[in-house]
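Chemist: Turn this into a structure:
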Amino acid sequence: MKKIRAYIRESYDELINKVSWPSWSDLQNSAVVVSIASLIIALIVYLMDISFSSVLDQFYRLFL
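Modeler: Model prediction:
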């Protein structure tokens, strides 16, 4: 039981004193970057889906 308490105490101490937490503005900037990157990736996947769908439609029409 002492090992568990020591582990929890050391973990708490490390989180409070040794971890550098980002500022609020850094978090907001990171959130904006992630949102924009997600939208770009979603757009790329959408365009790939549309193009593959079109190619497959043309391919299937050859055999109908």
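
Chemist: Quick one: distance of stretch 28-39 to the chain centre.
Modeler: Mean-position distance between stretch 28-39 and its chain equals 9 Å (Cα atoms, centre = their mean, to the nearest Å).

Chemist: quick one: buried residues of the strand or helix carrying Ser54?
Modeler: Secondary structure assignment for Ser54, by DSSP states H and E: helix 24-62. Within helix 24-62, no residue is scored as buried using 16 or more other Cβ atoms under 10 Å. Glycine gets a C-beta too; all of them are placed from N, C-alpha and C.

Chemist: lowest-confidence helix or strand of the chain?
Modeler: The weakest-scoring helix or strand in the chain, judged by mean pLDDT, DSSP states H and E, is helix 2-17 (a mean of 94).

Chemist: mind checking how far that helix is from the chain centre?
Modeler: On Cα atoms, centre = their mean, the centre of helix 2-17 falls 29 Å from the chain's centre.

Chemist: Now do that helix: everything it contacts.
Modeler: By Cβ atoms under 8 Å, 6 or more residues apart in numbering, no residue outside helix 2-17 reaches it.

Chemist: before we move on, the earlier item: average pLDDT for the helix holding Ser54, rounded please.
Modeler: Mean pLDDT, helix 24-62: 97.

Chemist: contacting residues around the residue most central in space within the chain?
Modeler: Nearest to the mean C-alpha position of the chain, by Cα atoms, centre = their mean, lies Val34 at 7.0 Å. Residues near Val34 by Cβ under 8 Å, 6+ apart: none.

Chemist: Now do it against Ile40, distance only.
Modeler: Distance, Val34 to Ile40, using Cβ to Cβ, to the nearest Å: 11 Å.

Chemist: Done for today, thanks.
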